[in-house]
Every structure is written in C-alpha cells, then in structure tokens.
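*Asks:* Test case, fold it:
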Amino acid sequence: MPYRPALPGVCERAALVLAVDANYIRPASALLRSIHRFRRSREPLKVIVLMQPWSRETVGQLYSAVPSRRLRLEVREARVDLGGLPLMHHLTAAAYLRLLVPALCPELDRALYLDADMIVLRDLDDLLGCDLGGASLAAVRDLGHPYLGRRLAELPASATRIVGLDPRREYFNSGLLVMDLRAWRREGITGQCLELLREHRASIRYLDQDPLNMVFAGRWFQLDQRWNVFPFTELLATGTLRYRGEQVLPRRSLPGLEADAFAIHYVTVLKPWRPGFPPGENLRRFERFAGDLGARRVGNYDVTRELRSGPTGHPVV
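*Replies:* The predicted structure follows:
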C-alpha cells in the first residue's frame with residue numbers, strides 16, 4: 001500500500017530515531033551517510049541516536065560520520081534496565097529501545113524509527129510526515145513471515161487468548177516504523193509490549209517484533225513494500241532465509257523489488273560488514289557509504305564540543 005502525502009506541520013515535532021550499541025556503529029554510520037546522500041531539503045533533519053552503552057569513542061565515531069549540518073545529530077544514552085528480557089544470538093538489548101522511544105524522546109510527537117542495519121536509497125521527508133490514516137503505527141509487511149499464523153504457532157495458547165489474535169492477520173517487520181508517539185503514550189503501547197515479553201519470554205523469538213505485532217494486530221498502516229526490502233538475492237543463495245511470501249509477492253518478482261528498493265534492510269546474521277556476505281549489488285550498496293570511521297574533526301564541526309553538549313545545545317543524557 002503506498003503511503004499518503006505528507007501532512008502539513010507533522011514534521012515540526014518529529015525526528016528520525018536510531019538505536020545502537022557498540023556492535024553497530026559502522027552500519028549506523030553508513031545509514032546516516034545514505035540518509036544524507038538522498039536528502040533533498042537544505043533544512044537539517046533531526047536525528048536522535050539512542051545508545052546503550054554510551055562511550056566517548058563510539059559517540060565520536062557517529063558524529064564523524066555525518067557529512068554536514070543537513071543532519072542535526074543528537075546522541076542520547078539510554079539509561080534503562082532491560083534485564084530479564086529475552087535475547088537472540090545476533091540481536092542485543094538495544095533492539096528493545098524502539099519500544100521506549102515515547103519515554104526516551106518525550107519532546108517528540110512522531111518518530112521514524114530505522115534499524116541500524118539499513119541503507120536508505122530515497123529521501124525520508126515524505127515518510128516521516130505521511131498520513132497514517134488514523135493508525136498509530138505504520139510499517140512494512142515482512143515477506144519472511146507475512147502472516148501472524150506462523151508466529152502464533154510457536155507461542156502458547158495463553159498468549160493468543162490474551163490479545164485475541166487472528167492468525168490470518170498480516171505480520172510486519174519492525175525495522176522501519178512510523179510512530180504516532182502521542183497515541184503510543186495515551187494507549188500505553190510500551191507497557192503492553194513489555195508485559196507480553198515478560199509473560200511469554202520463553203516463546204518470544206523476534207524480541208520487540210512479536211509483541212508489536214500482537215498489540216497492533218489488524219490496526220497498523222501498511223507502507224509501500226519498497227521501504228523495507230531484504231537482500232533476498234544473498235539470503236536465498238546462502239540458505240540464510242526461507243522465503244514464505246509467495247502468496248504476497250511471487251519469488252520471481254524479488255529481483256525487481258530489490259532493484260526498486262527505497263531502503264535495504266540487512267536482516268539475519270548475514271551482514272555486509274562481516275565476512276561471508278556474497279559480492280553483488282547489495283554489498284556494493286553498503287560499501288558505498290561505509291567508509292573509515294573515527295572520532296575526528298569534520299571541517300569546522302567540533303566533535304569534542306558536541307560530545308559535551310549535543311548539536312542542539314541539549315545535554316547528551
């Protein structure tokens with residue numbers, strides 16, 4: 001489903017939000033560079049990076065990745081206790097920070113959340129300000145798990161009874177989310193997700209993504225599929241991912257989807273910054289933006305000063 005035109009005034013209290021830890025500084029830096037590359041407006045885009053844990057070195061690396069003031073970057077330490085929540089072998093506690101955006105970014109009414117293992121190939125302004133059609137969340141359908149039914153099969157019956165889930169409902173990927181934060185706070189979305197996680201921690205597989213799909217079942221706005229495209233060429237060739245979206249999009253159409261992608265999402269353990277990712281267009285897309293990193297001065301941009309105060313004058317918390 002294509003997104004609707006941007007609404008006037010929506011972006012005034014909106015920002016792009018990322019969540020990272022020390023393992024994802026290089027891909028997050030590549031993502032920031034790709035956002036800058038395709039940004040049309042000369043107005044700076046506010047970007048908030050939630051980091052756990054925070055360190056001077058990693059913050060400096062992120063600031064050094066921003067080519068100009070087109071991105072108004074602010075790094076915030078996420079001082080939250082995420083103990084007791086389930087983890088995956090290739091995902092850390094930072095994956096849960098998207099659930100906490102309403103609390104960690106209290107000044108925002110809307111957030112566009114992006115996973116750090118993405119590359120953007122289109123300007124984000126229209127997406128940040130798009131009409132959600134009355135929903136409080138917009139996302140892209142997950143072609144690896146297009147229906148809730150497969151995920152519910154791995155959960156105990158008590159979990160499905162709690163939220164009254166229909167297995168025929170569409171299942172979305174949480175790597176790109178447009179969030180109406182006022183509605184999230186009003187409805188207590190974060191609390192609902194955390195409650196499901198703690199109650200069914202032994203059965204939850206996809207961390208934040210499963211509870212989000214439970215809470216928003218049947219009431220999320222579906223974005224254009226091109227906004228969250230997996231590198232299917234490499235995932236299928238290596239056997240890393242099994243394609244289950246044939247009923248939604250025939251497998252023969254996947255190369256065209258990749259070619260027309262607005263954003264590439266490097267899901268699973270197969271990452272282009274690690275050994276083993278096959279050569280090809282999706283590797284070149286990442287390497288185009290993944291240059292050398294390090295805390296340094298960029299032109300007249302004083303990284304040390306930003307570490308003290310943040311680029312907007314607000315403390316880095």
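
*Asks:* hey, where'd the strands end up in this structure?
*Replies:* With DSSP state E as the criterion, the chain has strands at 14-20, 45-51, 71-77, 110-114, 118-120, 137-141, 172-180, 221-222, 263-265.

*Asks:* With mean neighbour count, mean pLDDT and distance to Tyr63 added, can I get these in a markdown table?
*Replies:* In short, each C-beta sits where N, CA and C put it, glycine included. Formatted as a markdown table, these follow (neighbours: other CB atoms under 10 Å; pLDDT from 0 to 100; distance: least, CB to CB, whole Å):
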| stretch | mean neighbour count | mean pLDDT | distance to Tyr63 |
| --- | --- | --- | --- |
| strand 14-20 | 24 | 96 | 13 |
| strand 45-51 | 23 | 95 | 10 |
| strand 71-77 | 20 | 93 | 6 |
| strand 110-114 | 24 | 98 | 18 |
| strand 118-120 | 26 | 98 | 19 |
| strand 137-141 | 23 | 98 | 29 |
| strand 172-180 | 24 | 97 | 24 |
| strand 221-222 | 18 | 97 | 33 |
| strand 263-265 | 22 | 98 | 23 |
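
*Asks:* can you list those strands in JSON lines and add distance to Pro211?
*Replies:* Putting the strands of the chain into JSON lines (distance: least, CB to CB, whole Å) gives the following:
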{"stretch": "strand 14-20", "distance to Pro211": "16"}
{"stretch": "strand 45-51", "distance to Pro211": "18"}
{"stretch": "strand 71-77", "distance to Pro211": "23"}
{"stretch": "strand 110-114", "distance to Pro211": "15"}
{"stretch": "strand 118-120", "distance to Pro211": "21"}
{"stretch": "strand 137-141", "distance to Pro211": "12"}
{"stretch": "strand 172-180", "distance to Pro211": "10"}
{"stretch": "strand 221-222", "distance to Pro211": "18"}
{"stretch": "strand 263-265", "distance to Pro211": "20"}
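
*Asks:* quick one: which of the ones you listed is nearest Gly239?
*Replies:* With CB to CB as the criterion, Gly239 lies closest to strand 263-265 of the strands of the chain, at 18.7 Å.

*Asks:* What is that closest one packed up against?
*Replies:* Applying 3 or more CB pairs under 8 Å, 6 or more residues apart in numbering; DSSP states H and E, we find strand 263-265 packed against strand 118-120, strand 172-180, helix 281-287.

*Asks:* Now render the ones you listed as CSV, adding distance to Ser253.
*Replies:* Below are the helices and strands packed on strand 263-265 laid out as CSV (distance: least, CB to CB, whole Å):
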stretch, distance to Ser253
strand 118-120, 21
strand 172-180, 18
helix 281-287, 16
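
*Asks:* Among the ones you listed, which comes closest to Arg98?
*Replies:* Arg98 lies closest to strand 172-180 among the helices and strands packed on strand 263-265, at 6.6 Å (CB to CB).

*Asks:* which other residues reach the closest one?
*Replies:* Strand 172-180 has contacts (CB atoms under 8 Å, 6 or more residues apart in numbering) with 98, 101-102, 109-115, 117-118, 127-128, 130, 132, 135-142, 144, 206, 208-209, 212-213, 216, 220-223, 227-228, 263, 265, 267.

*Asks:* returning to what we had before: out of the helices and strands packed on strand 263-265, which is closest to Val17?
*Replies:* With distances scored as CB to CB, the stretch of these nearest to Val17 is strand 172-180 (8.3 Å).

*Asks:* Figure out how far the closest one is from the centre of its chain.
*Replies:* 7 Å (CA atoms, centre = their mean, to the nearest Å).

*Asks:* again with stretch 105-123
*Replies:* In terms of CA atoms, centre = their mean, the centre of stretch 105-123 is found 6 Å from the chain centre.
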